[in-house]
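Trainee: using only what follows, build the 3D model:
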Amino acid sequence: MKETELKLISELMMNCRRSDRDLAKAIGVSQPTVSRLIKQMEKEGVIREYAMVPDFRKLGYKIMAAIFLKLGQNNKPLSSEELKEMHRKARQLEKDNPCPFLLVNNGIGLKHQMIVISFFHDYSEYASYIRTVQEESNDALSPFIKPEEIDSFLVNLEEETHYQPLTFSRLAKSLARQTSKPKR
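Mentor: Numbers count the residues shown, from 1 in each chain. So this is what the prediction gives:
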């Protein structure tokens, strides 16, 4: 990716509501160049969406959970086809049990194959969600998703001593630093 594109992405991540003129001034190119780059990056899928990040506490959420799932039958990992079917059925299950997911992805590590990052109004809502995953996975999704193990890391959003709340600004600043380093 070109330096100008990285600078533009960095600026958009810090504030996607800025005008093309302001963005052009910030990265040192013309406004038509910014407009063209944005359209090009949207078309290529580099820019997937424009979003703001709210203060989840002010929306009433008290817990952010990173939920790790160990899936499969008899300690056997799921095949690609089983994962696709599980995703299809999980989307249906999600319609019946809405939960604000930030991320749901397959992966590897910590002896688990899936991570769910979600928000809850309180611990009982979180516990209810976990029970739903355990109970409904037995009925609605089996044999594709029978969590052999569910582990969670819970973050108390009401805690005042958080080091860095969820934001894309740090990543944007890191991109900006990359583009300002001298080339070797």
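
Trainee: quick one, domains of this protein?
Mentor: Domain assignment for the chain by automatic domain parsing gives 3-52+167-180, 56-156.

Trainee: in TSV: those, plus mean neighbour count and mean pLDDT.
Mentor: C-beta: built from backbone N, CA, C; applies to glycine. Compiled in TSV, these are given as follows (neighbours: other CB atoms under 10 Å; pLDDT from 0 to 100):
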stretch	mean neighbour count	mean pLDDT
domain 3-52+167-180	15	93
domain 56-156	15	79
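
Trainee: please enumerate the helices of the chain.
Mentor: Using DSSP state H, the helices assigned to the chain run over residues 3-14, 20-27, 31-44, 80-96, 123-136, 169-180.

Trainee: which residues does F119 bridge with?
Mentor: For F119, the beta-bridge partners under DSSP bridges are M64.

Trainee: show me the contacts for it.
Mentor: With contact set as CB atoms under 8 Å, 6 or more residues apart in numbering, F119 has these partners: 56, 61, 63-65, 99-100, 102, 157.

Trainee: looking at these, spot the one nearest Q31.
Mentor: Nearest to Q31 out of the contacts of F119 is L102 (CB to CB; 33.5 Å).

Trainee: spatially nearest residue to the residue positioned nearest the centre of the chain (excluding sequence neighbours)?
Mentor: Computing the C-alpha centroid of the chain and ranking residues by CA atoms, centre = their mean puts L103 first, at 3.7 Å. Closest residue in space to L103, ignoring its immediate chain neighbours: I117 at 4.3 Å, by CB to CB, 6 or more residues apart in numbering.

Trainee: do R21 as well
Mentor: Using CB to CB, 6+ apart and skipping the chain neighbours, the partner closest in space to R21 is Q31 (4.9 Å).

Trainee: equivalent analysis for E125, please.
Mentor: Closest residue to E125 apart from its sequence neighbours, by CB to CB, 6+ apart: I63 at 7.8 Å.

Trainee: distance of the one you found from M14?
Mentor: 27 Å (CB to CB, to the nearest Å).

Trainee: before we move on, what about I115?
Mentor: Counting by CB to CB - I115 and M14 are separated by 26 Å.

Trainee: and A127, by the same measure?
Mentor: Applying CB to CB, the value for A127 to M14 is 37 Å.

Trainee: likewise for Y61?
Mentor: If you measure Y61 against M14 using CB to CB, the figure is 24 Å.

Trainee: likewise for A24?
Mentor: In terms of CB to CB, A24 sits 15 Å off from M14.

Trainee: equivalent analysis for L71, please.
Mentor: Distance, L71 to M14, using CB to CB: 37 Å.
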